Structures are given as structure tokens and as C-alpha cells.
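Engineer: need a 3D model of the sequence below.
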Amino acid sequence: MAKFKMSNLLLSIILFLITILLFQVELGSRAQEITKDEIMEKLKKYGIEAYEVQFSPDDMYAFRSFSIRNDFFHLKLKDGYLIPGKTEKGVTVLIFPNGGQLSVHAKDELADKIREDFGKAKFKLNIKNAYVRLNPQDYSVIVGKNEIVKQRNDSAFQKALKLNKKKFEWYNHAWHLTTFPPKNLIKFNLESDDFDYIQIYTGKNPSVIWLVDREKAQRKWPVYPSRHFRIHFPENSPIKDDIDNFAQARDENYERANDILQINFKDTIDLYVYNSLKQGNRYRVLLNAAWPEDKQVHCALGGSFDHEIVHVMAYYIGDHRTEYGPIVEGLSEYLGKPDVDFDAIAANHLKNQSIIPLDILFDKWSKQNSLLSYPQAGSLVKLLIEEYGVEKFKTLWTSKEKINVTLDQIYGMPLKALEGQWRKRLSLIKPATLSSKEKSLLKSFVQQLDDILCKKDKSAIKALTSKYIDEGIARVTEINLEKIFALDPIRIRGTIIRTNLGSGTLVSTEVNLKIKRKKDDIKNVNVEYIFRLKDGECRLWMIKDLK
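Structural biologist: Below is the predicted model:
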């Protein structure tokens with residue numbers, strides 16, 4: 001296996017994501033009972049050092065003015081207290097339970113980055129408190145030449161403990177133990193009257209990220225009442241001028257879905273429409289998601305509104321709800337996207353030998369490529385409802401039995417027999433395909449991407465990337481870019497192996513990269529490019545490894 005170069009920050013993020021995931025899987029319900037020794041053993045297994053953080057009111061410091069300066073920001077705190085969080089290796093947490101002012105004045109590329117996220121690159125904000133995470137080796141950098149005097153204050157100390165409990169973020173921690181951020185990466189977590197918190201990262205990749213108090217901000221949003229929804233949107237939303245048509249489309253699909261489900265769902269749904277995925281991140285909301293118990297849907301522009309609305313409606317089919325992904329998501333695909341021909345898309349996957357066996361689709365749903373699994377699930381649910389009726393499907397939805405038992409009880413056939421019927425049905429359907437113009441566009445886009453990958457030009461790649469991607473997708477793409485770059489390419493030529501269509505504008509293209517390297521050898525790498533094809537335009541959505 002080749003070794004690839006990655007930034008300390010990226011490697012740190014990946015390492016802690018994997019660690020926490022493994023902890024959750026391995027420890028499960030024992031999380032509350034696990035001992036310190038067991039935690040340390042797990043951490044040692046993954047080569048991670050972690051330490052207990054201790055706070056003492058006797059280690060508090062008072063100051064008249066405390067200044068933290070960088071080349072793009074200045075945090076000035078007045079007349080307050082500093083409470084350090086100590087480990088055996090030194091101080092890793094600084095808590096300032098007092099107010100001050102943040103000034104930011106970024107230039108060049110950093111200014112563009114901050115402006116994109118914050119809205120402006122030069123601003124001042126009043127701050128209520130500050131919480132700082134750092135590597136102990138950077139402690140002297142932060143404290144600097146500030147004049148501090150040891151002074152105990154029990155009320156300030158208790159406030160600091162509450163802040164620590166609130167801010168103790170998991171990706172620099174393992175349960176109640178802390179891990180250290182990489183040296184020179186200092187993280188400031190600040191609160192103001194307008195923002196829940198503002199994150200400032202210093203180091204090789206400095207940034208400013210701000211997060212809003214969602215409920216407070218959304219109380220100011222306009223609300224449009226329709227027949228079945230209360231539609232909430234920002235004052236500057238693009239849907240504002242066309243809200244009547246937007247609401248009409250949602251109402252009509254709601255009524256169509258309700259007629260098919262026959263559940264007499266009459267409740268009003270709160271539909272929140274965000275301008276972008278980035279806005280959702282600022283509000284700390286996972287977008288394109290349903291909150292069935294609250295009867296809410298949160299989507300970004302361009303999201304699958306009707307798909308998520310069906311999730312809310314279907315939640316109330318019966319007292320028990322199936323946990324099988326192909327049934328849950330398949331129903332929302334089928335009813336939430338009436339204009340999509342799921343059978344034709346699934347037939348495309350069958351032709352490409354990309355169809356997922358049903359036993360794998362049901363048992364390992366979350367591990368599947370969603371661009372394949374979702375339309376296939378939509379096709380399967382379409383078969384069950386249109387061939388056998390909605391009442392049998394609702395019995396399937398509310399069953400507590402294993403899928404094979406349920407299918408046998410309701411439809412008189414096991415999963416394998418259902419798969420045979422489904423595949424036979426798909427084999428008789430003309431597969432969906434791209435137009436000749438779209439095929440040509442895709443091929444030229446891959447060639448364009450080849451040249452940019454060879455030049456290792458991340459800014460050029462970003463210019464080709466869809467504006468709708470979220471941070472998780474960007475991170476996966478970044479990791480795979482680093483892997484390709486690490487091969488030291490001097491020429492890259494990509495050959496499209498097969499193209500699978502999604503149920504929306506996304507297209508999955510499996511590509512063989514023939515990479516000529518400086519060592520004068522040829523490296524073949526199979527990757528998956530996911531593109532967004534819309535209105536004659538092609539944009540990169542994600543680069544993934546093919547396993």
C-alpha cells in the first residue's frame with residue numbers, strides 16, 4: 001500500500017473520526033462503565049496520547065487587559081479572569097468567562113476565504129466569553145506578555161466549568177480525556193450576542209467560521225402559510241419572489257403522496273428553506289433532512305423537499321416504523337420524486353452490473369453508494385406498491401419481523417424470490433441513458449480534470465466544483481486529491497469505464513486513471529468521479545476511491 005502525504009490537520013481529523021467511530025462500535029452501551037485503563041488501552045491501540053484535564057480555583061488568574069494577537073485578528077479581553085485547563089504535559093485549555101472585543105482584518109487569500117464564510121473580511125464584534133484549545137507547546141505564545149496575577153474567584157470558576165462542559169468538543173477528545181491539537185494549530189471558540197460561537201483557527205490553514213443561534217435567527221424569517229405547510233425562509237431567499245408557485249408545487253405533491261398512502265395525514269408541516277448548505281452549517285442544522293417527530297423539514301435550495309416531506313408523513317403510517325433503509329428511503333424516493341423514472345435508472349444500473357443484491361442492500365444499507373442505492377430502492381418500492389397494493393406495503397412498513405419473514409408472511413416470497421422478480425422486470429425496461437451531448441460534455445470534463453489533477457492545481461479544481469457540496473464531501477475529495485497528488489504525476493489520462501445515473505442531477509462515473517510518474521512508470525488507479533449535470537453544465541461533486 002502506498003503512503004501518502006497529508007497535512008497534520010487533515011490527518012488529525014481523520015484519525016479522531018475513526019477513533020470515535022471505533023469506540024462507539026466497540027464500547028456501545030458500556031460507555032458509562034468503561035474505566036480509565038480501558039480507555040487508555042484503546043487509545044494506545046491507535047497510537048493516540050490523551051490526558052486528563054484538571055481545573056483548580058487556586059490556579060486562576062486575574063487581569064485588567066488580556067490581548068491575543070495574530071496577523072489577521074485581535075482578541076482583546078478586559079478586566080476578567082483566565083482559568084487554565086492543565087494536563088501532565090502542560091496547559092491545553094484556556095477559559096475566559098468574561099467579555100471583550102474581536103477585530104478581524106484579513107488580506108489576500110485568507111480574506112477571500114473569510115469573506116466567503118463570514119460575509120466580510122474586516123469587522124469588529126463584542127465577545128461574551130472565550131474558550132481556547134491549544135497544544136501545550138503553544139501556551140507561551142498565547143499568554144505572551146500579558147500581565148496576569150493569581151487570584152481566586154469562585155463564581156468565575158463555576159462559570160468556566162460550565163463553559164468547559166459546553167465546549168468540550170469531541171474531535172479533540174476521547175471521552176473525558178483530552179487529546180492535543182497539532183502544534184501551531186490554535187482554536188478559539190468565542191460567543192457573542194449575535195452568534196452562538198465563532199471559531200478561529202490559526203496555523204497553516206487559518207480560518208474564521210461563525211455559527212448562529214438558529215431559533216433566535218429564524219424567529220425573524222418570513223413565514224408563508226400554504227394549504228399544508230408553514231414555509232420559513234430568509235429575507236433574502238431566492239424563492240421569495242416565486243413563493244406562490246413553490247408552495248403550490250409542495251402542496252400538490254403532498255396531496256398526491258397522501259392519496260397513495262391513504263393515511264389521512266392532516267398535520268401542518270414546518271418547511272425551512274435555507275439559501276445554501278453553508279447557511280445550514282452556520283445554523284448547525286443537517287440540511288436535506290426530516291424531523292418527523294417535530295413535523296419539520298430542513299432543506300437547502302436545490303434539495304429534495306418532497307422526498308423529506310414524505311419522510312414526515314410516512315412516520316405516521318403506524319405505531320411501529322421499519323428500520324430497513326431500502327423501505328424507508330425507497331418510499332420517499334418513489335412518492336417524493338414523481339417525475340423520476342426509477343425503473344429506467346435501476347435498469348441502467350442492471351445493464352452496468354452495478355445493481356446491488358437485495359440481501360446486501362437490506363443488511364448493509366448505510367455502507368452503499370447512495371447514488372446507486374436510492375434509485376434502486378425507489379424502483380423496488382414502486383414494484384411493491386404498484387404490483388401488490390399500498391395496504392400490503394403499509395403492513396410491511398409496520399412489521400417488527402426480519403425482512404425475509406415479513407416478505408414471506410405478506411407477499412408469500414422470500415427476499416431472493418423478490419429480487420428475481422425485480423430483476424426480471426428491470427430487464428424488460430429500456431435503461432435510462434445520457435444524451436449524446438451529455439456524454440460528450442462528460443468526456444471533455446474528465447479530460448479537463450485530468451490536466452488539472454496533473455498540475456496539482458487545487459484552486460482550478462475548486463473552480464470546477466459544484467457550489468452545492470458540503471464539508472463532508474469536500475473532505476473526502478480533499479483526501480483523494482492528496483492521494484493522487486502523492487503519486488507525483490507528470491501525465492494523467494482518464495478513461496471512463498461506466499456511467500451510472502442517479503435519481504437527481506448527479507452522475508457517477510467510474511474512471512481508470514493512467515498516471516505516468518517521474519519514476520518513468522505507469523500507475524493505474526480506479527476512482528469514482530461524481531458529477532452534477534444540469535442545464536448543459538457539468539460540475540465536479542466528489543472524487544471517491546473505488547473499493
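Engineer: quick check: closest non-adjacent residue to Lys514.
Structural biologist: The spatial neighbour of Lys514 that comes closest, neighbours along the chain excluded (CB to CB, 6 or more residues apart in numbering), is Arg493 at 4.8 Å. Heads up, the C-betas are built off the backbone N, CA and C, glycines and all.
Engineer: with just CA atoms, put the helix or strand hosting the one you found into PDB.
Structural biologist: Taking DSSP states H and E as the definition, Arg493 sits inside strand 489-501. What follows is strand 489-501, C-alpha atoms only, in PDB (Å, rounded to 0.1, in the frame of the first residue of the first chain):
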ATOM      1  CA  PRO A 489       2.000  12.600 -11.800                       C
ATOM      2  CA  ILE A 490       3.600  14.100 -14.900                       C
ATOM      3  CA  ARG A 491       0.700  13.000 -17.100                       C
ATOM      4  CA  ILE A 492      -2.800  11.800 -16.300                       C
ATOM      5  CA  ARG A 493      -5.300  10.300 -18.800                       C
ATOM      6  CA  GLY A 494      -8.700   9.200 -17.600                       C
ATOM      7  CA  THR A 495     -10.800   6.600 -19.400                       C
ATOM      8  CA  ILE A 496     -14.500   6.300 -18.500                       C
ATOM      9  CA  ILE A 497     -15.300   2.700 -17.600                       C
ATOM     10  CA  ARG A 498     -19.000   3.100 -17.000                       C
ATOM     11  CA  THR A 499     -21.600   5.800 -16.100                       C
ATOM     12  CA  ASN A 500     -24.400   5.300 -13.600                       C
ATOM     13  CA  LEU A 501     -27.300   7.700 -13.300                       C
END
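Engineer: give me the sheet partners of that strand and which way each runs.
Structural biologist: Strand 489-501 pairs in its sheet with strand 506-517 (antiparallel), by DSSP bridges.
Engineer: that older thread, what about the strand holding Arg493, average pLDDT?
Structural biologist: In this model, strand 489-501 has a mean pLDDT of 94.
Engineer: how about it: buried residues?
Structural biologist: 489, 492-494, 499-501 (16 or more other CB atoms under 10 Å).
Engineer: export those residues to JSON lines and append columns for distance to Glu419.
Structural biologist: Formatted as JSON lines, the buried residues of strand 489-501 follow (distance: CB to CB, whole Å):
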{"residue": "Pro489", "distance to Glu419": "42"}
{"residue": "Ile492", "distance to Glu419": "39"}
{"residue": "Arg493", "distance to Glu419": "38"}
{"residue": "Gly494", "distance to Glu419": "34"}
{"residue": "Thr499", "distance to Glu419": "24"}
{"residue": "Asn500", "distance to Glu419": "19"}
{"residue": "Leu501", "distance to Glu419": "21"}
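Engineer: Phe362: which of those residues is nearest?
Structural biologist: Among the buried residues of strand 489-501, Asn500 lies closest to Phe362 (CB to CB), at 20.2 Å.
Engineer: the domain parsing of this structure - what is it?
Structural biologist: Annotated domains of the chain cover 8-45, 57-212, 223-427, 436-545 [automatic domain parsing].
Engineer: now these as TSV including distance to Tyr51?
Structural biologist: Formatted as TSV, these follow (distance: least, CB to CB, whole Å):
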stretch	distance to Tyr51
domain 8-45	10
domain 57-212	4
domain 223-427	28
domain 436-545	27
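Engineer: pLDDT weak spots in the chain?
Structural biologist: Low-confidence segments of the chain (pLDDT under 70): 1-36, 117, 169-175, 547.
Engineer: just give me the residue right at the centre of it.
Structural biologist: With distances taken as CA atoms, centre = their mean, Gly472 lies nearest the centre of the chain, 4.4 Å away.
Engineer: mind giving me the packing neighbours of the strand or helix carrying that one?
Structural biologist: In the assignment (DSSP H and E), Gly472 maps to helix 471-485. On a contact count with 3 or more CB pairs under 8 Å, 6 or more residues apart in numbering; DSSP states H and E, helix 471-485 meets helix 8-27, helix 436-455, strand 522-534, strand 537-545.
Engineer: same thing but at 10 Å, please
Structural biologist: If contacts are counted by 3 or more CB pairs under 10 Å, 6 or more residues apart in numbering; DSSP states H and E, helix 471-485 sits against helix 8-27, helix 277-282, helix 436-455, helix 458-463, strand 522-534, strand 537-545.
Engineer: nearest to Gly144, out of the ones you listed?
Structural biologist: Of all these, helix 8-27 comes closest under CB to CB, at 23.4 Å.
Engineer: dump the C-alpha coordinates for the very next helix or strand once past the closest one into CSV.
Structural biologist: As assigned by DSSP H and E, the chain's next helix or strand after helix 8-27 is helix 36-45. The C-alpha trace of helix 36-45 is given here as CSV (Å, rounded to 0.1, in the frame of the first residue of the first chain):
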residue,chain,number,x,y,z
LYS,A,36,-9.7,4.9,32.6
ASP,A,37,-7.4,1.9,32.0
GLU,A,38,-9.7,0.6,29.3
ILE,A,39,-9.8,4.0,27.6
MET,A,40,-6.0,4.3,27.7
GLU,A,41,-5.7,0.8,26.2
LYS,A,42,-7.9,1.7,23.3
LEU,A,43,-6.1,4.9,22.7
LYS,A,44,-2.7,3.1,22.8
LYS,A,45,-4.0,0.7,20.2
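Engineer: give me the helices and strands touching helix 36-45, please.
Structural biologist: With 3+ CB pairs under 10 Å, 6+ apart as the test, helix 36-45 has helix 8-27, strand 173-174, strand 177-178 packed against it.
Engineer: can you give the distance from the following helix or strand past that helix to the centre of its chain?
Structural biologist: Using DSSP H and E, the helix or strand that follows helix 36-45 in sequence is strand 61-69. From the chain centre to the centre of strand 61-69 is a distance of 37 Å (CA atoms, centre = their mean, to the nearest Å).
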